[in-house]
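J.: Build the 3D model from these lines:
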Amino acid sequence: EVVTLAVLMYPLLRGLALQLHSALTGSYIPGSSSMAFINCLNEQIAKDIARAIMDKKLAAQVNILPKSSALYFWKGELEESTEILLIVKTRTSKIGELSNYVRSIHPFEIPEIISLPIDQGNPLYLKWIEENVPRD
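T.: Numbering: from 1, shown residues only. Next up, the predicted model:
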């Protein structure tokens, strides 16, 4: 029973320890920044959405990747297209607002807006993200 409890409590205790360490040292809390991925039909739409995200201060940086091929199911049919991918670096706490905003301006019926937390990286870069995206 003690082992089971210890295993179940580990993620919570690890998270608390990381937050305490971060508070004491000023270091990065894993997962407090995220990368969001947004697909766009063409380069102009990608640039317009990237600019709108930056104007709203919902990101510290948006990368616009060149055209790539995509295969996907849409309404039961296999489709093939080319897309432009945005990679958005932001605070994890901004992902909901970012997703809502992009859905409101994106021409796709169901745009791809997915995110992954940033676990580790260059501490100076991660601090830069936090400094350039206002808190809630």
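
J.: switch to C-alpha atoms for all contacts and neighbour counts from now on
T.: Will do.

J.: so how many other residues sit close to T92?
T.: 19 (other Cα atoms under 10 Å).

J.: what's the answer for V62, then?
T.: Neighbours of V62 using other Cα under 10 Å come to 23.

J.: cool, G96 as well?
T.: 9.

J.: repeat for the one 4 residues further on
T.: Counted with other Cα under 10 Å, the burial measure for N100 works out to 11 neighbours.

J.: What distance do you get for L65 to S104?
T.: Remark: distance between L65 and S104 (Cα to Cα, to the nearest Å) = 22 Å.

J.: Looking at these two now, which is surrounded by more residues?
T.: Taking other Cα under 10 Å, L65 and S104 do not tie; L65 has more neighbours (14 against 10).

J.: domain assignment for the protein?
T.: Here the domain parsing of the chain from the TED database is 1-30, 31-132.

J.: Need the mean per-residue confidence for the shortest one.
T.: What that stands for is domain 1-30. Across domain 1-30, pLDDT averages out at 65.

J.: How about stretch 38-46?
T.: Mean per-residue pLDDT for stretch 38-46: 97.

J.: i'd like the first residue to be 13 from this point on
T.: Noted, 13 is the first residue going forward, which turns the last one into stretch 50-58.
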